[in-house]
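Q: Could you look at this predicted model? Sequence included:
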Amino acid sequence: MNKRFIVAFVATSAALFLSVAGFAEELKWTPIFNGIELTSFEEQEPLRQVVVARIDLTAPGVAIKTSSPHPDFAPDERETVRETTPGFLKSADLALAVNGAFYKPFGGRTITKPGDANLRGLAVCDGFVESRPEKNFPSFVLKKDGSLEIRQYDEADDLSDVQLAISGPAVVLKDGKVLEQKDQATHPRTAIGFSEDQKYLYLMTIDGRRPEYSVGARLEDVGADLLKAGAYQGLNLDGGGSTTMAARGADGEPTILNWPINAISPDGLRFNGNGIGVTADGAPLVAFDEVVTIHNPGEPVEWTPAYDGVDVASWIEYDDPLRKIFAARVDLTAPGIAIKTSAPNEKFEPEERETYRQTTPQFLKESGLKLAVNANFYSPFNAGTIRQGGDSNVHGLAVCDGFVESQPQKGFPSFIVKKDGDVEIRDVAADEDLSEIAQAVSGNRVVLKDGEIVAQTDKAVHPRTAVGYSKDKRYLYFVVIDGRQKDYSVGATYEDVAAALKLCGASEGLNLDGGGSTTMAILGDDDEPLVLNRPINGTPDLLRFNGNSIGVTANGKLRAKLIDGRVKPNSGATKFVPAEKTAP
């Protein structure tokens, strides 16, 4: 059975805290087999996730292979047999492979099952010519003397010295220069290239058609990304739903390293006309589940410093349900750190005008904060009130600077900051003395207690907001999880929220208001609020006016760099295998 893993980024959506390699910055390569290394990076404009394999053609055991001819071969009728890239990798006993040439017939049924295929452009396997040269389909060629070239072959050319060939629609990199292209369309892409000294072969995939994760690439982007990886010559191959990279796992089964998007089934693999890959000696040098974005139990979150005492992180969980998670870690011992909640209504009256509805970014800016999230459930709640400011009553205990805005309420446990600085998550009794409470907000479920996930009967999946703190009460954690957005983030259960808080380092955790209210905002380097997640108040990116919010002050200016509304660490280093980390 094929396993699917996505190459490692510390990645998210509307704001990304991740390692983005700049053009002039050195990529970090991870050896995965003898002679094969892997790297990955994100690029902007368009947003794209790039995975590249670098193959040392001088390494013992390394050989390039393409798909075999059809067992009942007939030119222009039955040239090859369609198979998935993992299927090709396994049947050809390869270490790593990508999809190859454009092919026909191509349609709804042919791409979802095996069958006869005819290839576009020159295709040669072990000296056997499967498909003749075709105009506008230049070829990558391995000659029998071991030399490589990328060029347009003509029908009349002598092919007797060609050992292997595969074709694509466009040369994208020639003599170290990215070629200009008339076609500016953005799609998932697969490409092949080689270094100037022909020592290294490069196989590359760029995911696409997944908003907020990877939009895709233009042909010129393909050339630029190959050049960044070290290629001197480069050819674009078949892309779109065909784009797939697979590697052989330690158990001999294929592992998919990118995130294919077959139009028929978003996670269904396409049956392609052919593929190209490489052999390698020995077993994998890494366990592929150690180099993926999926967080394994016990793997710490990678934090990016944002302000003095405030770190941020984000990641994607690809299991069911698909969810994109944003988190903030606040060091409560750091100078300048203070927790704040929404102020009471200027015309305060209990159970009538307790607070005033505003968006989380408005709260952040008006309160002079550096980071904030939405907080309590509230009323009145309807299509009109959630889209404009107005009087609001919040559910459960709410305290701002010692002023009790809303009394404790059964079924709404609270996060409390005491005047002595102590923090708690617990139920608050209706007759309890509240004089020692400085700040408080409430939610509907305690989801994490004494470091253990609290079992829940409610398994509904929604966008979520949560707050928690570490066992030693040094760190405060805010978590938001986007939802109700197919192929981006479906949402989370209460237990998923608890797992995210625990992964961050929390020992105690409380679920707050979620759904369309879920928002995390940070103060940008222009002193304007930046929404980090992708709220969905009826439609994506429409901000809800919430009953109240909670956030923190902090010293300093924003440390993370902003690129088109995205956030990256100052380090600029590409990460494939997570670096050594210290758990919070």
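A: Good, I have the coordinates. Numbering: from 1, shown residues only.

Q: From A53, how far off is the residue nearest to G208 when sequence neighbours are not counted?
A: Nearest non-adjacent residue to G208, counting by C-beta to C-beta, 6 or more residues apart in numbering: G216, 2.5 Å away. Backbone N, C-alpha and C define where each C-beta goes, glycine included. Distance, G216 to A53, by C-beta to C-beta, to the nearest Å: 19 Å.

Q: Also G273?
A: Distance, G273 to A53, by C-beta to C-beta: 21 Å.

Q: All the strands of the stretch 151-300 of the chain, residue numbers only.
A: 162-167, 170-174, 177-178, 189-194, 200-206, 233-236, 245-248, 254-256, 275-279 (DSSP state E, counting those that start in this stretch).

Q: Dump those to a markdown table, plus mean neighbour count and mean pLDDT.
A: Below are these laid out as a markdown table (neighbours: other C-beta atoms under 10 Å; pLDDT from 0 to 100):
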| stretch | mean neighbour count | mean pLDDT |
| --- | --- | --- |
| strand 162-167 | 24 | 98 |
| strand 170-174 | 22 | 98 |
| strand 177-178 | 14 | 97 |
| strand 189-194 | 28 | 98 |
| strand 200-206 | 26 | 98 |
| strand 233-236 | 27 | 98 |
| strand 245-248 | 27 | 94 |
| strand 254-256 | 25 | 87 |
| strand 275-279 | 27 | 98 |
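
Q: Please name the residues that touch the residue nearest to G208.
A: Counting by C-beta atoms under 8 Å, 6 or more residues apart in numbering, G216 touches P46, R48, T186, H187, P188, R189, I206, D207, G208, R209.

Q: got a markdown table for those, with distance to G35 too?
A: Converted to a markdown table, those look like this (distance: C-beta to C-beta, whole Å):
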| residue | distance to G35 |
| --- | --- |
| P46 | 32 |
| R48 | 27 |
| T186 | 33 |
| H187 | 30 |
| P188 | 27 |
| R189 | 24 |
| I206 | 23 |
| D207 | 25 |
| G208 | 29 |
| R209 | 32 |
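
Q: Closest one of the residues you listed to V301?
A: Using C-beta to C-beta, D207 comes nearest to V301 of those, at 23.0 Å.

Q: Excluding chain neighbours, what is closest to that closest one?
A: Nearest-residue entry for D207: S214, 3.9 Å, with adjacent residues in sequence omitted and distances by C-beta to C-beta, 6+ apart.

Q: residues near the one you found, how many?
A: 24 (other C-beta atoms under 10 Å).

Q: Touching, it and Q49? I think so.
A: Yes. With contact defined as C-beta atoms under 8 Å, S214 counts as touching Q49 (4.0 Å).

Q: Now do the shared contacts for the two.
A: Joint contacts of S214 and Q49 (C-beta under 8 Å, 6+ apart) are I206, D207, W259.

Q: Run the chain-centre distance for stretch 206-221.
A: 12 Å (C-alpha atoms, centre = their mean, to the nearest Å).

Q: And it, what's buried?
A: Buried residues in stretch 206-221, counted by 16 or more other C-beta atoms under 10 Å: 206-210, 212-221.

Q: so which strand or helix has E495?
A: Taking DSSP states H and E as the definition, E495 sits inside helix 494-504.

Q: which other helices and strands contact that helix?
A: Applying 3 or more C-beta pairs under 8 Å, 6 or more residues apart in numbering; DSSP states H and E, we find helix 494-504 packed against strand 310-317, strand 323-331, strand 445-449, strand 452-453, strand 464-469, strand 475-481, strand 508-511.

Q: Let me have the shared contacts of S214 and Q49 in TSV, extended by distance to L558.
A: Shown next, in TSV, are these (distance: C-beta to C-beta, whole Å):
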residue	distance to L558
I206	30
D207	29
W259	30
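
Q: Helices along the stretch 101-250 of the chain, start to end?
A: Under the criterion DSSP state H, counting those that start in this stretch, the stretch 101-250 of the chain contains helices at 219-229.

Q: Repeat that for the stretch 351-500 of the chain.
A: So, for the stretch 351-500 of the chain - with DSSP H, counting those that start in this stretch - the helices run 360-366, 494-504.

Q: re the thing from before, for D76, state which of the buried residues of stretch 206-221 is nearest.
A: Using C-beta to C-beta, these come closest to D76 at L219, 27.5 Å.

Q: What's the separation between that closest one and V129?
A: 27 Å.

Q: Could you export stretch 488-507 as PDB, CA atoms only?
A: What follows is stretch 488-507, C-alpha atoms only, in PDB (Å, rounded to 0.1, in the frame of the first residue of the first chain):
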ATOM      1  CA  TYR A 488      -7.000  23.800   2.800                       C
ATOM      2  CA  SER A 489      -8.200  23.000   6.300                       C
ATOM      3  CA  VAL A 490     -11.400  21.100   7.300                       C
ATOM      4  CA  GLY A 491     -11.200  21.900  11.000                       C
ATOM      5  CA  ALA A 492     -10.700  20.000  14.200                       C
ATOM      6  CA  THR A 493     -12.400  18.100  17.000                       C
ATOM      7  CA  TYR A 494     -12.000  19.000  20.600                       C
ATOM      8  CA  GLU A 495      -9.500  16.200  21.000                       C
ATOM      9  CA  ASP A 496      -7.500  17.500  18.000                       C
ATOM     10  CA  VAL A 497      -7.400  20.900  19.700                       C
ATOM     11  CA  ALA A 498      -6.000  19.300  22.900                       C
ATOM     12  CA  ALA A 499      -3.400  17.400  20.800                       C
ATOM     13  CA  ALA A 500      -2.200  20.600  19.200                       C
ATOM     14  CA  LEU A 501      -2.000  22.300  22.600                       C
ATOM     15  CA  LYS A 502      -0.100  19.400  24.000                       C
ATOM     16  CA  LEU A 503       2.300  19.300  21.000                       C
ATOM     17  CA  CYS A 504       3.000  23.000  21.700                       C
ATOM     18  CA  GLY A 505       4.000  22.200  25.300                       C
ATOM     19  CA  ALA A 506       0.800  22.800  27.200                       C
ATOM     20  CA  SER A 507      -0.300  20.900  30.200                       C
END
